[in-house]
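Undergrad: Return atomic coordinates for the entry below.
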Amino acid sequence: MDEGLEFGLRAVAIGVGATVVADLWTALLARLTGVPGLDWAMVGRWVGHFPRGRFRHDGIGRATPVAGERALGWAVHYGTGITFAALLLAICGLGWARNPTLPPALAFGLATVAAPFLLMQPALGAGIAASKTPNPATARLRSLLTHAVFGVGLYLAARLTATLIEA
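TA: Next comes the predicted model:
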């Protein structure tokens, strides 16, 4: 198989798989704690304001709703998972994807928490690393755990795709 095609197939499969694992974790956590995860419609609302030149909000929940924001938010969520998987593959190479190990995936998953801490949360009005939320320490811990689970998901999805996609 062409390496470019293999890279793309693996990035999509690993990214989607890891994102599903993280979403299952979030749903379990919500069920156990009663605290819902991020409403992806708010991410869709944020991205939906980009064409209007608005990239930052004091509170995304108070921003004008955008048509299709929930679907847009979920698409951005899964697109981000695929992009992160592609970045992991670019760093570790197809050799890792063909014979994955947990440490690089877990380390990378934890590193991805920088995206919500430094980009998404401030842009949605929650402050750097959720500093403007009612309980920043809890929000940070949830983000760290979710991104660690995403890292485990990267590994599990890579293991699965290693058996399904031939080099």
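Undergrad: Contact partners for residue 107?
TA: residue 151 (CB atoms under 8 Å, 6 or more residues apart in numbering). Placement of C-beta: from N, CA and C, glycine included.
Undergrad: average pLDDT for the helix or strand containing it?
TA: Using DSSP states H and E, residue 107 maps to helix 102-111. Confidence for helix 102-111, expressed as mean pLDDT, is 98.
Undergrad: Buried ones in that helix, by neighbour count?
TA: 104, 105, 106, 108, 109 (16 or more other CB atoms under 10 Å).
Undergrad: just stretch 159-167 next, same as before
TA: Residues of stretch 159-167 classed as buried: 159, 161, 162, 165 (neighbour count, 16+ other CB under 10 Å).
Undergrad: List the contacts of that stretch.
TA: Residues from elsewhere that reach stretch 159-167 (CB under 8 Å, 6+ apart): 1, 6, 9, 10, 13, 14, 17, 94, 97, 98, 99, 100.
Undergrad: now that we have these, which one has the most neighbours?
TA: Using other CB atoms under 10 Å as the neighbour criterion, residue 14 leads the contacts of stretch 159-167 with 31 neighbours.
Undergrad: Distance check, it against residue 164.
TA: For residue 14, the distance to residue 164 equals 11 Å [CB to CB, to the nearest Å].
Undergrad: Likewise for residue 67?
TA: Counting by CB to CB, the gap from residue 67 to residue 164 is 37 Å.
Undergrad: what do you get for residue 41?
TA: For residue 41, the distance to residue 164 - CB to CB - is 33 Å.
Undergrad: Please narrow the buried residues of stretch 159-167 to those residing in helices.
TA: Using DSSP state H, 159, 161, 162 are the members of the buried residues of stretch 159-167 that sit in helices.
Undergrad: Taking the contacts of stretch 159-167, tell me the two that lie furthest apart.
TA: 1 and 17 (19.0 Å; CB to CB).
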